[in-house]
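Novice: Give me a model of this one.
(chains A and B)
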Amino acid sequence: MGWIGETIDSIKSIQIRQLLTQAISLGMIVTSALIIWKALMCVTGSESPVVVVLSGSMEPGFKRGDILFLHMSKDPIRAGEIVVFNVDGRDIPIVHRVIKVHERENTGDVDVLTKGDNNYGDDRLLYAEGQQWLHRHHIMGRAVGFLPYVGWVTIIMTEKPIIKYILIGALGLLVITSKD
Amino acid sequence: MHSFGYGANALFTFSVTALAFICAIASLSDNFSNQNPSTEIQILNINRFKKQSYENDEVSLTLDITADLQSLFTWNTKQVFAFVAAEYETPKNSLNQVSLWDAIIPDKEHAKFRIQTSNKYRFIDQGHNLRGKEFNLTLHWHVMPKTGKMFADKIVMPGYSLPDAYK
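Specialist: So this is what the prediction gives:
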């Protein structure tokens, strides 16, 4: 009866060790992704260094599904720059071009008006109630580069969350069943 | 080591890496292009110049804009966004930039043009500082690539001024 007990013990211990190793590898992968993301945030000085274009208001330059790389520096905001900003009360950032700038003499505070290239009118309709201008603290970054089409993955996963679950399920299955 | 899964994974990783490399090279090639755009802007007419009911000056003008931006187009260029802005200083604001007109230039053929237009966006000051005001007209362009880094630059033309009195 002793060796049954021994075998059972050895089987259990192997499984636990394997399981732990796989869990740790998975944790390492997730953590490295997080480290890369945070490093990007530091390097570009922006809270979200990469954004996906969600609307057609900047066509034909930026289409829905394109990815924009952002950079935020202390340089003053000037007309013509494409900026990403948040409006109080909305959680989706907007990517439009600056068309008017009024910068104060002493404080460096600035009033900014934006407009989407493909829109007829300026963005005052999008700003909060009674707000006529954007200020520096609304602006999250300037668009400096872009890649077409790559953002569709994010859009599909946000709009059809079932695909997200399927992907995560498949990934989980792969991890469990892989031999190493 | 020869299962379908491994093969597909290797192919996918390779294609993505190759694609990323191509995009980076395409973007880098833009740095080597020789660019010399030119422009000339005339103010044809001041249409309206008044003080709005809540204390801000507004002016409406007709511009004659000539520009040759053909040298900005490379094989990696998707479009060039061009706009004309008036820039001036007031006691309260060290810099005011007001975009007066803009256009999307989709290709090289459309990049050499002359148009006469009144200002697309309202030229409104924060205050009533515009009488006799001297200002620069600046033509800005923003080159938007098919992939990669975007470039922007401008030509500043000083020496324009507004009338001393409302009309």
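
Novice: Pull up the residues of chain B that are close to chain A.
Specialist: With C-beta under 8 Å from any C-beta of the partner chain as the criterion, chain B meets chain A at residues B:23, B:27, B:78-79, B:81, B:83, B:85, B:91-99, B:102, B:104, B:106, B:121, B:126, B:140, B:142, B:144-150, B:152, B:154. Glycine gets a C-beta too; all of them are placed from N, C-alpha and C.

Novice: So which of those are in strands?
Specialist: If you go by DSSP state E, these have B:78-79, B:81, B:83, B:85, B:93-99, B:102, B:104, B:140, B:142, B:144-145, B:148-149, B:152, B:154 in strands.

Novice: any idea how far the helix or strand bottoming out on mean pLDDT in chain A is from the chain center?
Specialist: Every helix and strand of chain A was ranked by mean pLDDT, DSSP states H and E. The lowest is helix A:161-177, at a mean of 74. Remark: helix A:161-177 is offset 21 Å from the chain centroid, using C-alpha atoms, centre = their mean, to the nearest Å.

Novice: How about stretch B:104-112?
Specialist: Relative to its chain's centre, stretch B:104-112 lies at 13 Å (C-alpha atoms, centre = their mean).

Novice: Could you do stretch B:91-100 as well?
Specialist: A distance of 17 Å separates the C-alpha centroid of stretch B:91-100 from that of its chain, computed with C-alpha atoms, centre = their mean.

Novice: who's in contact with that stretch?
Specialist: Residues outside stretch B:91-100 that contact it (C-beta atoms under 8 Å, 6 or more residues apart in numbering or on different chains): A:76, A:78-80, A:99-105, B:61, B:63, B:83-90, B:119-121, B:123-127, B:129, B:137-138.

Novice: care to break the chain down by domain?
Specialist: In the absence of a named chain, this looks at chain A. Following the TED database, one finds the domains of chain A at A:1-44, A:50-148.

Novice: Chain B is the one I meant
Specialist: B:1-32, B:35-161 (automatic domain parsing).

Novice: mean pLDDT lowest for which of the ones you listed?
Specialist: Lowest mean pLDDT of the domains of chain B: domain B:1-32, a mean of 82.

Novice: so how far is that one off the chain centroid?
Specialist: In terms of C-alpha atoms, centre = their mean, the centre of domain B:1-32 is set 34 Å apart from its chain centre.

Novice: Is any residue of the top helix by length along chain A near chain B?
Specialist: For chain A, the longest helix by residue count, based on DSSP state H, is helix A:2-44. No - counting by C-beta under 8 Å from any C-beta, chain B is not contacted by helix A:2-44; separation bottoms out at 13.4 Å.

Novice: Thanks a lot, catch you later.
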